[in-house]
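*Asks:* Show me the folded form of this:
(2 chains)
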Amino acid sequence: MKVVVKDILPFQEHLFFFAIRDKIDYTRLLVYSARQLLLEIEAGETNVSSNMKLIVDKMSRLFFFKNNKYFSVSFPFTTTIDNKNNVVELTTYTGKRLDSQSISAVISIIDSEQFKLNPSLIDFYIEPNGIESSGLLLLEEIFQFEPSYIRYDNDPDNEKGKLHPLNHLDINYSQYSTFKFGLPKEITSDYFENLQNIRTDCSFVTD
Amino acid sequence: MNISNKLKLCASCPARTQSPEPLGVTLKTTQPQQTKSKTDDKIPTQKIIKENNKTYKMSSYFFLQAEKNPANADFIERLQAYADSQKNLVYVLNRPLTDQKYSYNYSQSLIVLSPKNKIAIIDYGNKDEPFENFIEDVLEDIGSISDKYLYKEVIGRPRQWRKSLIESEIKIPDIKSIDDLFSSLALNDEGDKKKLDLLISLFIGSINDIYRVKEEVPITALDKVKQKIQLFDGDQTRFVYQKPDKKKIRIQGLSGTGKTELLLHKLKDLYVSDNSSTICFTCHNKILSDSLKKRIPSFFNFMKVEQQIEWEKRLWCVNAWGSGSTPNSGAYRYICAFYSIPFYRYSYQMSFSKACKLAIDDIKAKYSDGEMKSAFTYMFIDESQDFDDNFFDLCELVTEKNVYVAGDIFQSIFDETISSSIQPDFLLGKCYRTDPKTLMFAHGLGMGLFEKNKLRWLEEKEWKDCGYNVIVEDGDYILSREPLRRFEDLDDDFESIKIVEIDKNYSDTVIQLIQEIRVENETVQPEDIGIILLDTEKNIYELADTLEIKIQQKIGWSVNKAYETKEKQPNTILISNRNNVKGLEFPFVICITRAIKSSSSYRNSLYTMLTRSFIKSFLLIPDNNRSGLTETMKTALNEIVKNKEMVIQEPSEKEKIKINTSFEYRLKKESHFELMMEVFKRLKVDKKYHDKLFQATQQFDMGESDKETLTEFVRDNLKYIKD
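*Replies:* Numbers count the residues shown, from 1 in each chain, chains lettered A, B, ... in the order given. Okay, here's the model as predicted:
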């Protein structure tokens, strides 16, 4: 089992903790996470209150923790780590490499006005624009991934009986497919991880 | 200086001064050489030779917009001689230039403007009452212009500045010498000088943003340069106010000579004065066209243009190519839509030049027997060095009136044809962006002038076209540049360029440098600094990512990676590779490289990136023997900072031949495919290997590489290819 934990510095929190509503948000989260995993980051004297954790154990998922909010998505890349547990290489299952350059290329495409107006890659294939080429192939592949988004919510403000229990899991992000699982009590981050690890015992719906 | 060299200089000057002056009607009648010997009799002979040798370029110090006649000719010529020899800006006008709607009834007076001196309004017609009325009218109009541009808050009402800044009692016969004239007009108070600069800018229409310039007198180096009041020089004023006598107007200069700004002034003039005109402003890349598109409304706003900007009806500001899905996304794209002709997209077989050529043919074929409508009334092309003639021809074909083409004097410092290229209509010699010391060192480093084997050599005329003063002495070229008004308030020995040797890691060195800049300049903002990664290797992106985090963590500034956002953003420090900084400038530029390479594309980037600063450039390079940084380079830099000149030994004829043949630099003119085909031909590569090698270049992201690099790549890889 590979486990890599990375601090998320306060000024980076907006890159990871935002409302995921579509595949493009998922893509953004994925590439920012890949970048975070590849970089050496020293918190030093900075106060850190959130982190991310990559767990590869048959499944390959990313977990994000901040106070009592946890969420998790799939991370379908091949991760190579060295003996100091540093991530040295990330590739897609077809062998395309994620590095600082291709990640920037992905970001430059999904953040461009052109893509926001018309989320299609077709114009990027035809436009002559150096750096984007490495991002295109990567994006194509990411768009085929299954995001498998799960979020644990402890939300006293919006609590509403069994319709919106205080503790619940939100599964999937799109409005047309998301649903909740109520939880009888608060859960720990370990429990949240275990829930999604197929090598550990299953949890049961007891209703 | 030995005698033969003196003669050489002498011999070259009459040809220069008597050759038809391309820069303006007003200058044709002047004969600086004669006037100089008349007025400056105190200057020793040798000095005159030197000065006269420079006369050709010196016109940037003098501007004349008044009829010359027997009553004033002598005085005007003496003023010009003074401006040229003292290197002081002098404008001689018969009326304010800013707003053409005002008219005046009296023509026998001259308005003499020169920074640091009171404005002299001189009557040479000896008609007291009409002259008095003329003064009243001019001051009233300047007062109202000052109100319009919000200057009044800073300079006050005419009654306030009239007393201290205007002199109208002088008569031409009383002027003994121009020196005396200006010493009687000299201002001493810094506040007055600042107000005067603002007044001059109102007379010549070189409007400054009053909020940038501010009221108080600045203290730090950064603020002094940022708040310096900018005035058009002679050449620039001529470009803005002269009516063109042909369709295509070319304006050329080194980057940073203010070409874009001038285009904007002209654009505003045409947009306002010709209500039915349609105008297209274009350049090669999108990041620049986007920034221009944002710049136009703010420029129009502070020029107090009352008309609305009708985007995509009267005014287009787009990059040249554009995309298939949106007709208004590019100049070429729009032209294709306008004439209903096929639009070609980029591919390895389709260069922009070819696409333009096809468009010309299509349009001509379609309208061979009928009247062709014009797509635009005027076109403006910026950064013209990115294009070749096919695009200009296309623009000329579809434009009704004028095409204004502004570009750098060379595509790159390795361009083979600097002086033999078409003579521009306006040649801007002075680089206003960068401190001359920075520019000199950047040229020297870029061309390899401080190395044993120079990479590039310019001949005397080419050096002069690039704005250099050249003295040849015993086979040495002594190169210097005119000082600039923009930097006159900085200390004389201000180090505008510095080599920083990296002894720990790259990112920490950058952080330390930013911290130092902040200590020296309290008012520095994140957007005042640009970090440029000069290398093309992949690891620059890693460095950028690391820097992004460290800058946020240790400095607390937000970071904008230009290759992700493709735009300059306020309140962020910009990090870019060398492809996304065109047209951008910063007070401080930090250029980072692992080693000084010898490829022409690298050297050209090195030169252009170092000259993106208007206060200080830093070159960060490792402290080791592989970095290519030599003692000679460091010494050269010290000399430039100390003496403001560089002394370069002229290469022998044999060396020159070697230099010239080693660079066939044709950046961007050919597509990657065409370049590769040429390389294959040159290296006689068997056709069956083409595809493999072609794919290899794509895998290594070499789509933008130049021919030299590709040749090297193909040669190296050829031996490993198996059948």
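*Asks:* So for stretch A:143-152, what gets flagged as buried?
*Replies:* With burial defined by 16 or more other Cβ atoms under 10 Å in any protein chain shown, the residues of stretch A:143-152 counted as buried are A:F145, A:P147, A:S148, A:Y149, A:I150, A:R151, A:Y152. Quick note: C-beta positions are derived from backbone N, CA and C, even for glycine.
*Asks:* tell me the contacts of the residue nearest to the second one when sequence neighbours are not counted?
*Replies:* To tie it back to what came earlier, the one meant is A:P147. Leaving aside its sequence neighbours, A:P147 sits nearest to A:Y26 (Cβ to Cβ, 6 or more residues apart in numbering or on different chains; 4.4 Å). With Cβ atoms under 8 Å, 6 or more residues apart in numbering or on different chains as the criterion, the residues that contact A:Y26 are A:I20, A:V73, A:F145, A:P147, A:Y149, A:Y173.
*Asks:* Export those residues as a markdown table, with columns for distance to B:D197.
*Replies:* Rendered in a markdown table, the data for these read as follows (distance: Cβ to Cβ, whole Å):
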| residue | distance to B:D197 |
| --- | --- |
| A:I20 | 55 |
| A:V73 | 60 |
| A:F145 | 61 |
| A:P147 | 61 |
| A:Y149 | 61 |
| A:Y173 | 59 |
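*Asks:* Looking at the residues you listed, which are in strands?
*Replies:* Assigned to strands by DSSP state E, the following of those qualify: A:V73.
*Asks:* nearest to chain B, of the contacts of A:Y26?
*Replies:* Ranking the contacts of A:Y26 by separation from chain B, with Cβ to the nearest Cβ as the measure, puts A:I20 on top at 20.2 Å.
*Asks:* Surely that closest one touches A:L29?
*Replies:* Yes - contact criterion Cβ atoms under 8 Å: A:I20 and A:L29 qualify, at 6.4 Å.
*Asks:* between the two, who's got more neighbours?
*Replies:* Comparing A:I20 with A:L29 by other Cβ atoms under 10 Å in any protein chain shown, the one with more neighbours is A:L29, at 23 against 18.
*Asks:* That one: what secondary structure?
*Replies:* Per DSSP: H, G, I helix; E, B strand; the rest coil, the local secondary structure of A:L29 is helix.
*Asks:* Was I right to think it contacts A:V73?
*Replies:* Yes - at 6.5 Å, A:L29 and A:V73 qualify as touching, with contact defined as Cβ under 8 Å.
*Asks:* anything in contact with each of these two?
*Replies:* When Cβ under 8 Å, 6+ apart defines a contact, the residues bordering A:L29 and A:V73 alike are A:I20.
*Asks:* circling back: most widely separated two among the buried residues of stretch A:143-152?
*Replies:* Pairwise distances among those were taken by Cβ to Cβ; the largest, 21.6 Å, belongs to A:F145 and A:Y152.
*Asks:* what's the one residue in chain B that gets nearest to chain A sitting at in phi/psi?
*Replies:* The nearest approach of chain B to chain A comes at B:Y541, 3.4 Å away (Cβ to the nearest Cβ). Its backbone dihedrals place B:Y541 at phi -70, psi -30, with angles given as degrees, to the nearest 10.
*Asks:* need the contact list for it.
*Replies:* Residues near B:Y541 by Cβ under 8 Å, 6+ apart: A:D99, A:S100, A:Q101, A:I103, A:S104, B:N577.
*Asks:* Just the buried residues out of those residues, in ChimeraX syntax.
*Replies:* Command for ChimeraX, covering only those of these found buried under the criterion 16+ other Cβ under 10 Å:
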select /A:99,100,101,103,104 /B:577
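*Asks:* Put the alpha carbons of the longest helix along chain B into CSV.
*Replies:* Under DSSP state H, the helix in chain B containing the largest number of residues is helix B:128-148. Output in CSV follows, covering the C-alpha atoms of helix B:128-148 (Å, rounded to 0.1, in the frame of the first residue of the first chain):
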residue,chain,number,x,y,z
ASP,B,128,1.3,94.2,-30.3
GLU,B,129,-2.4,93.9,-30.1
PRO,B,130,-2.9,90.8,-32.3
PHE,B,131,0.0,89.2,-30.5
GLU,B,132,-1.6,89.9,-27.1
ASN,B,133,-4.8,88.4,-28.3
PHE,B,134,-3.0,85.3,-29.6
ILE,B,135,-1.4,84.8,-26.2
GLU,B,136,-4.8,85.1,-24.4
ASP,B,137,-6.4,82.7,-26.9
VAL,B,138,-3.6,80.1,-26.5
LEU,B,139,-3.6,80.3,-22.7
GLU,B,140,-7.4,80.0,-22.6
ASP,B,141,-7.3,76.9,-24.8
ILE,B,142,-4.5,75.3,-22.8
GLY,B,143,-6.5,76.1,-19.7
SER,B,144,-9.5,74.3,-21.0
ILE,B,145,-7.4,71.3,-22.3
SER,B,146,-5.8,71.2,-18.8
ASP,B,147,-9.3,71.1,-17.3
LYS,B,148,-10.4,68.3,-19.7
